[in-house]
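1. Starting from these lines, generate the structure:
(one chain, ligands or ions: 1)
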Amino acid sequence: MATTTSTTNTPKIEEKPKVLVLQRINAYFEGVLSPHFDLVKADESSLPIPAFLSTHCRHIRALLVMAPIGTFGSSLLDQLPSLGLIACTSAGVNHIDVDACRKRSVAVTNAGEMFTPDAADYTVGLLVDVLRRVVMADRYVRNGSWMLKGDYPLGSKVSGKRVGIVGLGSIGSHVAKRLTAFGCPISYFSRAPKPNYPSYTYFPNVLDLARESDVLILSCALTDETRNIINRDVMIALGKDGVIINVGRGALIDEPELVRCLKEGVIGGAGLDVFVNEPEVPEELTHMENVVLSDHRAVTTPESFKNVLELAIANLDAFFSGKPLLSPVSC
Ligand SMILES: O=CC(=O)O
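-> Numbering: from 1, shown residues only. The predicted structure follows:
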């Protein structure tokens with residue numbers, strides 16, 4: 001007897017939206033994302049990226065960018081003609097050519113406010129460490145020097161230091177709030193004065209801000225205007241006891257000049273979480289006791305990672321269902 005197969009009651013299998021990932025994705029991220037999306041992973045293909053894109057990605061509508069490294073610009077957009085969204089899990093989007101995206105109506109989203117408290121906490125931690133020499137004293141105790149040589153040299157007071165913030169955005173303003181509790185007068189440089197913060201002093205240029213500060217905190221985005229915004233003149237204006245804390249991007253500072261200024265005693269110290277060619281760090285910095293270094297971790301805790309992934313998923317879901325994006329970057 002011939003059998004016929006009825007399809008009327010077969011449940012429809014929903015296809016998950018395809019999301020392109022060009023960077024290697026860690027297992028945790030993949031575990032969280034893959035129930036929602038069909039991840040199209042370039043690093044699992046034997047094809048070189050251009051061939052992979054032209055073979056598999058002509059119809060891809062969304063790209064997820066996990067780390068602020070590499071350059072996502074016009075040539076990539078040319079290869080992804082259907083792209084409508086680049087969802088970034090970073091706060092900074094200097095690795096994305098947002099002008100090229102705007103011209104092609106490709107939306108860009110970022111980490112929004114998800115990293116802000118962690119970044120602000122860490123910034124204060126770096127400042128306390130540079131001034132009070134926590135890490136150096138720890139090394140001194142661990143390597144037995146306390147017993148052999150006596151106390152480690154004293155650091156300098158944090159409370160009351162005049163703090164100048166370059167970029168009073170969400171991270172900068174959270175840093176300001178924390179350091180206000182330390183009794184630090186706050187000044188800032190940004191494109192325009194911020195009427196929401198009448199108790200902070202505005203400076204229309206970084207040189208004057210540096211002159212009136214003991215500490216400069218860099219928490220602004222890296223753009224053509226802010227690249228190398230901290231140059232030798234600014235460091236001279238900050239002065240020999242001045243400290244720079246950078247949690248923004250390495251290229252906000254003229255890095256070779258920073259090394260020279262630290263060596264020559266033009267400034268007093270630095271706390272650096274970001275570098276021009278990460279993960280490369282200028283070797284000379286690693287020998288300086290007045291410098292604290294870390295591996296671009298200011299924004300990251302397991303808690304902030306979780307929140308940022310949820311936001312990226314929500315942005316992708318909104319995009320695929322035609323709803324407003326949650327953390328669009330104004331292009
Ligand atoms: O630096 C980290 C970020 O921009 O999220």
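2. Now for residue 130: which residues touch it?
-> Neighbour list for residue 130: 243, 245, 269-271, 290-292 [criterion: C-beta atoms under 8 Å, 6 or more residues apart in numbering]. All C-beta spots, glycine's among them, are computed from the backbone N, C-alpha and C.
3. Export these as a markdown table, with columns for pLDDT, neighbour count and distance to residue 300.
-> Formatted as a markdown table, those follow (pLDDT from 0 to 100; neighbours: other C-beta atoms under 10 Å; distance: C-beta to C-beta, whole Å):
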| residue | pLDDT | neighbour count | distance to residue 300 |
| --- | --- | --- | --- |
| 243 | 98 | 27 | 23 |
| 245 | 99 | 29 | 17 |
| 269 | 98 | 23 | 24 |
| 270 | 99 | 25 | 20 |
| 271 | 99 | 27 | 16 |
| 290 | 98 | 17 | 25 |
| 291 | 98 | 22 | 21 |
| 292 | 98 | 25 | 17 |
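4. and the gap between the nearest residue to residue 122 once chain neighbours are set aside and residue 201?
-> The shortest distance from residue 122 to any non-neighbouring residue, by C-beta to C-beta, 6 or more residues apart in numbering, is to residue 298 (4.0 Å). From residue 298 across to residue 201, the span is 25 Å (C-beta to C-beta, to the nearest Å).
5. higher neighbour count, these two?
-> Neighbours per residue, other C-beta atoms under 10 Å: of residue 298 and residue 201, the larger number sits with residue 298, 24 against 16.
6. surely that one meets residue 246?
-> No. In this structure, residue 298 is not within contact of residue 246 by C-beta atoms under 8 Å, at 9.4 Å.
7. of all the residues in the chain, which ones are close to the ligand?
-> Within the chain, the positions near the ligand by C-beta under 6 Å from any ligand atom are 68, 90-92, 111, 115, 299.
8. Check pLDDT for the residues you listed and point me to the minimum.
-> Scanning the residues of the chain next to the ligand for pLDDT, the smallest score is found at residue 68, 89.
9. Without its sequence neighbours, what residue ends up closest to it?
-> In this structure, residue 68 finds its nearest non-sequential neighbour in residue 90, 4.1 Å apart by C-beta to C-beta, 6+ apart.
10. Please name the residues that touch that neighbour.
-> Contacts of residue 90 (C-beta under 8 Å, 6+ apart): 65, 67-68, 110-111, 299.
11. Thanks a lot, catch you later.
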